[in-house]
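# I would like the atomic coordinates for the input below:
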Amino acid sequence: MKVVIVGGVAGGASAAARIRRLDNHATIVMFERGAHVSFSNCALPYYVGGAVESSDALIMMTPASFKARHDIDVRVMSEVIAILREEKCVLVRETDTGREYKESYDKLVLAPGANAVKPKSITGVNSKNVFTVRNVTDVCRLKAYVDEVGAQNIVVAGGGFVGMELAENFVKAGKSVSLIEGAEQVMAPFDQDMAQILHKEMADNGVRLYLGSMVREITDTSVKATKDGKEIEVPAEAVVLAIGVAPETALAVQAGLEIGESRGIKINHNYQTSDPNIYAVGDAIETFDRMGRKYGSLPLAGPAQRQARAAADHICGMQHNNNGFIGTACLRMFGQNAACTGMNEKAAQKAGIPYDVAYVLPSDKVGIMPDAHYMAFKLLFEVPTGRVLGAQAIGKGDVTRRIDVIATMITMGGTLEDLKELELCYSPVYGTAKDVVNIAALVGLNLLYGRIRQVRVSDVRALVESGAYIIDVREEKEYERGHIKGAKNIPLSQFKERMHEVPRDIPVYLHCRTSQRSYYALCELLGNGYDNAANISGSFLGICLYEYFKDQSEGREPIVTAYNFN
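Okay, here's the model as predicted:
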């Protein structure tokens, strides 16, 4: 059997290695149009910031090492320009010599990846100071240019994973960085209430954020963008476009292969295209979104490697259970770690799934530990089943472990009841006896069963401006350091004695620092016949995190007397 693979990195290289493990006698030929066939794509931004000191460290394997270790014939600087399906061969052009030749195959695997989006509507988009980052050559060109011209002002267009990581790394390289994003928030997989924490972290570290802004023109010294119909001009000697990717389907289209509704190559359960002898994996394909029950794309290395393994297995006669993707990802942004999995609110609404949210801000480890810190954790669950739909976490601690737990729960069809009873590792230096995810499940169950009512942090400004009756149950010194304007302070330590001060005839909204003590106060009220009270999820810390960046960037009047993030 002869297998030809188009493209390397996570998809193509993984497929090639897996096929060799399963079939020691197969002839495997892999074509890569670039100079490097196997490199750490996700580590590219960290070369800019110096965390990866040498570009050579980004390269995982060379053609020579593929040959020596796996007996795989890797040909770089070789672009497959056509698939001749009737002849079962591909037409290859050597990019350095221009020579063309045919290569036959029994099975063909397409892993061409995706192309960075460079909108033609942007004037100057092809200027010498404009870059995209998709491979080692790209990032080397970018860094060399920045060093050569001594660029100090860098603009990153796009607030996705690559754009955010590039912004962070340019700051660490001592550059003045601006990030322009067309949406009103960075990181689309996160809901806006969570993204505000990332906005604050970026602003605190000197990144100038221009949200809801569209790049219109790039010159040698600046980027011009529009926001709310007004033009803004941002200094820039170098510009990186990280506004998205588009599946590379030109080869598939030329071959007459079917393209899916999401513009990726359409594949079946076994990653076969409309031609059963041709497989496709990675960023170029559309695959099944198991949460939204639809087809879409997920350009991440982990899914690409799993797809490659599945395709290789099927080529070698093994079966595969295709579960689709749930979308689990993580990011470090200066001092904050962020991770997410499954659905966010926008996705649940689009899918028409009834849901509710538990938003908690507990300590990521026992509070007396010197490095204990809050963790913002948002859990989405289906109503009325309690099925776990997704989660987002941001904090200085180990958010990835918590999100990995939720990803596992989603994969296994878990519910809030399952999550509540989940037994996890505990030590004061790693977490709390009742972990963040357990606490979120308990809050979710209180909401699901109608035990309590809650108000979201995004709704608090409207309550304050309407003169709502808000009770702060923190202690007096905490209240003095900063509180919601107009809030009445009844400390939890005095709550039993002063409960008579709480009105019964109007809505009452309780909060503390993170909603735990206000939940205790709410239980006191419920136990004494009050039916007009609700807890503010996230409480004072959540309100500060949500409001701070908006207040600073939009010049709004704060609804708190002083911000307090401790």
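# what are the ranges of the strands in the stretch 351-500 of the chain?
Counting by DSSP state E, counting those that start in this stretch, the stretch 351-500 of the chain has strands at residues 355-360, 375-382, 388-395, 454-455, 469-472, 488-489.
# Which of those strands sits closest to Thr249?
When the strands of the stretch 351-500 of the chain are compared by CB to CB, strand 388-395 sits nearest Thr249, at 28.9 Å. In this view, the C-beta of every residue, glycine as well, is placed from N, C-alpha and C.
# picking that back up, in JSON lines, list the strands of the stretch 351-500 of the chain along with mean pLDDT and mean neighbour count.
Putting the strands of the stretch 351-500 of the chain into JSON lines (pLDDT from 0 to 100; neighbours: other CB atoms under 10 Å) gives the following:
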{"stretch": "strand 355-360", "mean pLDDT": "98", "mean neighbour count": "22"}
{"stretch": "strand 375-382", "mean pLDDT": "98", "mean neighbour count": "25"}
{"stretch": "strand 388-395", "mean pLDDT": "98", "mean neighbour count": "28"}
{"stretch": "strand 454-455", "mean pLDDT": "96", "mean neighbour count": "21"}
{"stretch": "strand 469-472", "mean pLDDT": "98", "mean neighbour count": "22"}
{"stretch": "strand 488-489", "mean pLDDT": "98", "mean neighbour count": "16"}
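# and of those strands, who's closest to Ala114?
strand 388-395 (24.0 Å).
# Sheet partners, orientation included, of the closest one?
strand 336-342 (antiparallel), strand 375-382 (antiparallel) (DSSP bridges).
# Might you calculate how far the last one sits from the centre of the chain?
Meaning strand 375-382. Between the centre of strand 375-382 and the centre of its host chain there is 15 Å, according to CA atoms, centre = their mean, to the nearest Å.
# and Glu261, what pLDDT?
On the pLDDT scale, Glu261 is placed at 88.
# so it sits in a strand?
No: counting by DSSP: H, G, I helix; E, B strand; the rest coil, Glu261 is located in no strand; its state is coil.
# so what's it closest to, chain neighbours aside?
Spatially, and ignoring its direct neighbours in sequence, Glu261 is nearest to Tyr295 (6.4 Å; CB to CB, 6 or more residues apart in numbering).
# What residues does the one you found make contact with?
260-262, 286-289 (CB atoms under 8 Å, 6 or more residues apart in numbering).
# Can you add neighbour count and distance to Ile218 and give those back as TSV?
As requested, the contacts of Tyr295 are exported to TSV (neighbours: other CB atoms under 10 Å; distance: CB to CB, whole Å):
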residue	neighbour count	distance to Ile218
Gly260	17	33
Glu261	10	33
Ser262	15	29
Glu286	22	31
Thr287	26	34
Phe288	16	38
Asp289	20	34
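# how about TSV for those, with distance to Pro507 added?
Shown next, in TSV, are the contacts of Tyr295 (distance: CB to CB, whole Å):
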residue	distance to Pro507
Gly260	49
Glu261	46
Ser262	44
Glu286	47
Thr287	46
Phe288	44
Asp289	39
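# C-terminal to the host helix or strand of Ile5, what's the next element?
Here Ile5 sits within strand 2-6, counting by DSSP states H and E. Note on strand 2-6: by DSSP H and E, the next helix or strand toward the C-terminus is helix 9-22.
# Return the set of buried residues in that following helix.
For helix 9-22, the neighbour count (16 or more other CB atoms under 10 Å) marks 9-20 as buried.
# Equivalent analysis for stretch 507-520, please.
With burial defined by 16+ other CB under 10 Å, the residues of stretch 507-520 counted as buried are 508-519.
# Just the pLDDT at the nearest residue to Ile368 once chain neighbours are set aside, thanks.
The spatial neighbour of Ile368 that comes closest, neighbours along the chain excluded (CB to CB, 6+ apart), is Pro428 at 7.5 Å. pLDDT recorded at Pro428 is 94.
# What is the burial count for Pro428?
If you count neighbours by other CB atoms under 10 Å, Pro428 ends up with 13.
# picking up where we left off before, identify, from the buried residues of stretch 507-520, the entry nearest to His25.
Nearest to His25 among the buried residues of stretch 507-520, counting by CB to CB, is Thr514 at 61.4 Å.
# Helix or strand: which one has the closest one?
Using DSSP H and E, no helix or strand contains Thr514.
# The one 4 residues further on too?
Ser518 belongs to helix 516-527 when elements are defined using DSSP H and E.
# Show me what that helix is packed up against.
helix 495-498, strand 508-511, strand 533-536 (3 or more CB pairs under 8 Å, 6 or more residues apart in numbering; DSSP states H and E).
# Can you tell me the closest non-neighbouring residue to Phe70?
Phe isn't right for residue 70; it's His. Arg20 (4.6 Å).
# rewinding a little: would you list the strands of the stretch 351-500 of the chain in a markdown table and tack on distance to Tyr548?
Output for these, formatted as a markdown table (distance: least, CB to CB, whole Å):
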| stretch | distance to Tyr548 |
| --- | --- |
| strand 355-360 | 17 |
| strand 375-382 | 13 |
| strand 388-395 | 14 |
| strand 454-455 | 19 |
| strand 469-472 | 18 |
| strand 488-489 | 22 |
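# closest one to Pro299 among those strands?
Minimum separation from Pro299 across the strands of the stretch 351-500 of the chain (CB to CB) falls at strand 388-395, 18.8 Å.
# Convert that closest one to PDB, retaining C-alpha atoms only.
Extracted C-alpha coordinates of strand 388-395, given in PDB (Å, rounded to 0.1, in the frame of the first residue of the first chain):
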ATOM      1  CA  VAL A 388     -23.400  20.100  31.900                       C
ATOM      2  CA  LEU A 389     -23.000  22.200  28.700                       C
ATOM      3  CA  GLY A 390     -19.800  24.100  29.200                       C
ATOM      4  CA  ALA A 391     -17.500  26.100  31.500                       C
ATOM      5  CA  GLN A 392     -15.100  29.000  31.500                       C
ATOM      6  CA  ALA A 393     -12.400  29.700  34.100                       C
ATOM      7  CA  ILE A 394     -10.000  32.600  34.600                       C
ATOM      8  CA  GLY A 395      -7.500  33.000  37.500                       C
END
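# Next, the angle strand 355-360 makes with that strand.
Counting by axes from the mean of the first three to the mean of the last three CA atoms, to 10 degrees, strand 388-395 points 30 degrees away from the direction of strand 355-360.
# what sits against the nearest residue to Cys316 once chain neighbours are set aside?
Nearest in space to Cys316, with sequence neighbours left out and distances taken as CB to CB, 6+ apart, is Leu22 at 4.0 Å. With contact taken as CB under 8 Å, 6+ apart, Leu22 is in contact with 312-313, 316, 318.
# do you know how far Leu22 is from His320?
12 Å (CB to CB, to the nearest Å).
# okay, and the common contacts of those two?
Joint contacts of Leu22 and His320 (CB under 8 Å, 6+ apart) are Asp313.
# Identify whichever of the strands of the stretch 351-500 of the chain lies nearest to Asp73.
Set against Asp73 and scored by CB to CB, these come closest in strand 388-395, at 42.9 Å.
# how far is that closest one from where the chain is centred?
11 Å.
# quick one: low-confidence ranges for this structure?
Scanning the chain for pLDDT under 70 picks out nothing.
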